[in-house]
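Engineer: structure for this input, please:
(2 chains)
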Amino acid sequence: MTDSTVRSLDDPNVWVDTPATIYDAVPPYPPRSEREAEFYDLRDGEMLLNLGPQHPSTHGVLRVVLKIDGERVVDLDPVLGYLHRGVEKLCENGDWHIAISQCDPLEYVASMFSEAMPVLAAEKLLDLEVPRRAEYIRVLAWELNRIASHALFMGWLALDLGGLTPILWSFIERDEIVDMLAALTGQRMLFNYLRIGGVNGDLNHDFLSRLGDWMAHAGDQIEETQRLLNQNEIFVRRTRDMGVLDRDAALRLCMSGPPLRATGVPFDVRRAHPYSVYPELEFDIPTRTEGDSYARYMLHIDEIRESMHIIDQVLNDMPDGPIMAKIPRLIRIPPGRAFIAIESPRGEYACYAMSDGSDQPFRMRIHDPSFFNLQAVGELVPGNLIADTMAVMASLDPIMGGIDK
Amino acid sequence: MTVAARNATDVLRTLHDDDRFGFEFLADLAGVDTGSEMWVVYHLWSPTTPDWLRVIVPGLARDDPRVPSVTFLWKGAEWAEREAYDMFGIIFEGNRDLRRIYMPPDYVSFPLRKDFLLADDSARSSGAGYRHVEQMGPPASALREPTLRQAKSLPNREMGSASQLPEETATPPGEQA
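Structural biologist: Coordinates of the predicted model:
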């Protein structure tokens, strides 16, 4: 028995050799691609460090193999698939209504956006006009959900930098919104609220009174959280000039949402390819030019303000009328192909749906923004310290449910 | 817009680089299995104008679908291409990192292909679930057999040495054929 022998899991009386070396991170099969061969070929002084899959700062179940030289990250290889459910296949095997609840857990902190995918695709294929009240309720729910998600982002980012207070504060705000949406939809997180042709339920008293309470102090709350972070020296030093992207790199990496707008590209799907009633609403697209983690963080605060501005307008102009279009419950979607995209808190959430005229989608391709945004860590992290890996990753705000589908 | 696979590189490069088009934004890259052939579908956006364009590369053979990679234009397409390879078996020539992304490395089927059936297809959709299979797959009576899930019937799913792995994953995809 030496230091590297342990009791066997099969038989506790048997001791087995498990040389715990850095080479445990090397896959036990020959490299499958050029890049993999290159990555697992270590030079002098380099070693591999396994991060995750169960690590609190990977925001889900993500494994990252870091190739490090001392305290510096030389290269990294994210390993996905721990949350893979095969959503696209499940959508193809259920009907269009089932697809709504299948898409719900994709973006699990902002489900209102991912569940819109089959709904909007089906409406586009049907060429269906949704009642205006339903559109306004949708926008209201989307913007509330965006604020909840952004508030959580601010907390997570600070948590990954070692600050515990902001996440507790942002959870207060997020819980208020989540409870509000629970009063509206019946669910806290996986709402299953949107329907082909409208929404599942009208605004109710409980929801509106909670919304009013929250609106009265929401501005102050955000002000308070950002006072905690904006001038915090540790926070600023660890985010400013970290993970810097420029416009061309962001476009080359197919990024969207706040990371793209932080590089100075005023691209927001709500304005560039308008959907729902966004053309009627008045809001700005905040941008920053620095492209670093701090710019991405500041952008989230600006977007919360814009969302609150939208909520004000929506509540003012809320029309009366039905909340569902008149469509049969068992619906056959006409054959065709549709591409729809919406602006989720993380960027462009898109769906390419094909229908063959039956009650089931023929193909439902879901484009998740976190999947593309996370890819940037391959360019942003190398050269930085190990501890900054999480800081950069958190500033891209990945949600593993959508990445792994 | 429909493009043949051999022209896809040139067309996409022109759309990306030429100022008159300026489609610098790859909105989506999707693989599609129509049951008889494979497609790769690109959606392009312009960051400054509201234009959009759908480029379809149709007619890829189901047994050996190959298209040129677009990673030289959009580095971010790398994972999307890996996903299409993982789910459909479409080989993107020129992608340096074409390996499975979601499924385990020793997995051998391509789950989103139409001939990959879920075991409970017949239970969940009474009749409608077969519709893609009729032209190409096994007869409907065979669908109830327990060996339906393809991956289950394939031998040797344990991870092991190179000789144990099926040939498809043992050789880098770019070097086949």
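Engineer: show me chain B divided up by domain.
Structural biologist: Following automatic domain parsing, one finds the domains of chain B at B:5-102, B:121-164.
Engineer: hmm, the first one in reach of chain A?
Structural biologist: Think domain B:5-102. Yes - on the criterion CB under 8 Å from any CB of the partner chain, domain B:5-102 is in touch with chain A at B:24-28, B:30-33, B:41, B:43, B:45, B:47, B:50, B:52, B:54, B:73-80, B:87, B:96-102. Just so you know, the C-beta spots here come from the backbone N, C-alpha and C atoms, and that holds for glycine as well.
Engineer: these in helices, which ones?
Structural biologist: B:77, B:78, B:79, B:80, B:87 (DSSP state H).
Engineer: report pLDDT for the one residue in chain B that gets nearest to chain A.
Structural biologist: Of all residues in chain B, residue B:76 sits closest to chain A, with a separation of 3.0 Å (CB to the nearest CB). Residue B:76 carries a pLDDT value of 88.
Engineer: in space, what's closest to it - neighbours in sequence excluded?
Structural biologist: residue A:254 (3.0 Å; CB to CB, 6 or more residues apart in numbering or on different chains).
Engineer: where does the stretch 101-250 of chain A have low pLDDT?
Structural biologist: For the stretch 101-250 of chain A, no stretch is flagged by pLDDT under 70.
Engineer: and it, which residues reach chain B?
Structural biologist: So the stretch 101-250 of chain A never meets chain B (CB under 8 Å from any CB).
Engineer: now the helices for the stretch 101-250 of chain A?
Structural biologist: A:111-114, A:116-126, A:132-160, A:165-185, A:205-229, A:233-239, A:247-252 (DSSP state H, counting those that start in this stretch).
Engineer: which stretches in chain B count as strands?
Structural biologist: Secondary structure of chain B, counting by DSSP state E: strands at B:25-33, B:38-45, B:52-60, B:66-68, B:91-93.
Engineer: and those as TSV, adding mean pLDDT?
Structural biologist: Below are those laid out as TSV (pLDDT from 0 to 100):
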stretch	mean pLDDT
strand B:25-33	89
strand B:38-45	90
strand B:52-60	87
strand B:66-68	89
strand B:91-93	89
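Engineer: picking that back up, list only buried entries from the residues of domain B:5-102 next to chain A.
Structural biologist: B:24-28, B:30-33, B:41, B:43, B:45, B:47, B:52, B:54, B:73-80, B:87, B:97-102 (16 or more other CB atoms under 10 Å in any protein chain shown).
Engineer: how near is residue A:198 to chain B?
Structural biologist: 25 Å (CB to the nearest CB, to the nearest Å).
Engineer: which ones are touching that residue?
Structural biologist: A:130, A:131, A:134, A:322, A:323, A:324, A:325 (CB atoms under 8 Å, 6 or more residues apart in numbering or on different chains).
Engineer: in space, what's closest to residue A:172 - neighbours in sequence excluded?
Structural biologist: Per CB to CB, 6+ apart, closest to residue A:172 is residue A:221, 7.4 Å.
Engineer: separation between the one you found and residue A:232?
Structural biologist: 17 Å (CB to CB, to the nearest Å).
Engineer: remind me which helix or strand whatever residue of the stretch 251-400 of chain A ends up closest to chain B belongs to.
Structural biologist: The minimum distance from the stretch 251-400 of chain A to chain B, using CB to the nearest CB, falls at residue A:254 (3.0 Å). Assessed by DSSP states H and E, residue A:254 sits outside every helix and strand.
Engineer: go on, residue A:312?
Structural biologist: helix A:293-317.
Engineer: need the next SSE after that helix, C-terminal direction.
Structural biologist: strand A:336-344.
Engineer: for the next helix or strand after that next one, C-alpha coordinates in PDB please.
Structural biologist: Going down the chain from strand A:336-344, the next helix or strand is strand A:347-355, by DSSP H and E. C-alpha atoms of strand A:347-355 as PDB (Å, rounded to 0.1, in the frame of the first residue of the first chain):
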ATOM      1  CA  GLY A 347     -28.800  37.600 -26.800                       C
ATOM      2  CA  GLU A 348     -30.400  36.200 -29.900                       C
ATOM      3  CA  TYR A 349     -32.700  33.300 -29.100                       C
ATOM      4  CA  ALA A 350     -33.700  31.800 -32.400                       C
ATOM      5  CA  CYS A 351     -35.600  28.900 -33.800                       C
ATOM      6  CA  TYR A 352     -35.600  27.400 -37.300                       C
ATOM      7  CA  ALA A 353     -38.700  25.300 -37.500                       C
ATOM      8  CA  MET A 354     -39.900  23.100 -40.300                       C
ATOM      9  CA  SER A 355     -43.400  21.700 -40.600                       C
END
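Engineer: mind listing what residue A:131 touches?
Structural biologist: A:198, A:321, A:322, A:323, A:324, A:325.
Engineer: whoops, I mixed them up, residue A:226
Structural biologist: So residue A:226 contacts A:154, A:301 (CB under 8 Å, 6+ apart).
Engineer: distance of it relative to residue A:198?
Structural biologist: From residue A:226 to residue A:198 the distance is 37 Å (CB to CB).
Engineer: how about residue B:98?
Structural biologist: 43 Å.
Engineer: before we move on, what about residue A:313?
Structural biologist: Distance from residue A:313 to residue A:198, by CB to CB: 21 Å.
Engineer: any idea which of the contacts of residue A:131 has the most stuff around it?
Structural biologist: Neighbours here mean other CB atoms under 10 Å in any protein chain shown. Within the contacts of residue A:131, the largest count is held by residue A:198, at 24 neighbours.
Engineer: so what's it bridging to?
Structural biologist: residue A:195, residue A:324 (DSSP bridges).
Engineer: worst mean pLDDT among the domains of chain B?
Structural biologist: What stands lowest among those, in mean pLDDT terms, is domain B:121-164, with a mean of 43.
Engineer: near chain B, which residues of the stretch 301-405 of chain A?
Structural biologist: Residues of the stretch 301-405 of chain A lying near chain B (CB under 8 Å from any CB): A:339, A:341, A:348, A:350, A:352, A:354, A:356, A:358-360, A:362-363, A:365, A:367, A:371-372, A:375-376, A:379, A:404-405.
Engineer: now, of the residues you listed, which are buried?
Structural biologist: Buried among those by 16+ other CB under 10 Å: A:339, A:341, A:348, A:350, A:352, A:354, A:356, A:358-360, A:362-363, A:365, A:367, A:371-372, A:375-376, A:404-405.
Engineer: mean confidence score for stretch A:79-89?
Structural biologist: 88.
Engineer: can I get the strands of chain B in JSON lines including distance to residue A:155?
Structural biologist: As requested, those are arranged in JSON lines below (distance: least, CB to CB, whole Å):
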{"stretch": "strand B:25-33", "distance to residue A:155": "30"}
{"stretch": "strand B:38-45", "distance to residue A:155": "32"}
{"stretch": "strand B:52-60", "distance to residue A:155": "35"}
{"stretch": "strand B:66-68", "distance to residue A:155": "42"}
{"stretch": "strand B:91-93", "distance to residue A:155": "39"}
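Engineer: out of these, which comes closest to residue A:287?
Structural biologist: strand B:25-33 (15.5 Å; CB to CB).
Engineer: tell me the strands beside the closest one, with direction?
Structural biologist: When DSSP bridges is applied, strand B:25-33 pairs with strand B:38-45 (antiparallel).
Engineer: what residues does the strand it pairs with touch?
Structural biologist: A:272-273, A:339, A:350, A:352, A:365, B:8, B:12, B:15-16, B:23, B:25-33, B:51-62, B:65, B:67, B:70, B:84, B:88, B:90.
Engineer: what's the nearest residue to residue A:321 once chain neighbours are set aside in contact with, if anything?
Structural biologist: Nearest residue to residue A:321 in three dimensions, chain neighbours excluded: residue A:133, at 4.5 Å (CB to CB, 6+ apart). Counting by CB under 8 Å, 6+ apart, residue A:133 touches A:202, A:318, A:319, A:320, A:321, A:322, A:323.
Engineer: correct me, but the first one touches residue A:324?
Structural biologist: No - the pair residue A:202 and residue A:324 fails to qualify as a contact (CB atoms under 8 Å) at a distance of 9.7 Å.
Engineer: if you skip the residues just before and after it, what's nearest to residue A:315?
Structural biologist: Using CB to CB, 6+ apart, the nearest residue to residue A:315 is residue A:140, at 7.2 Å.
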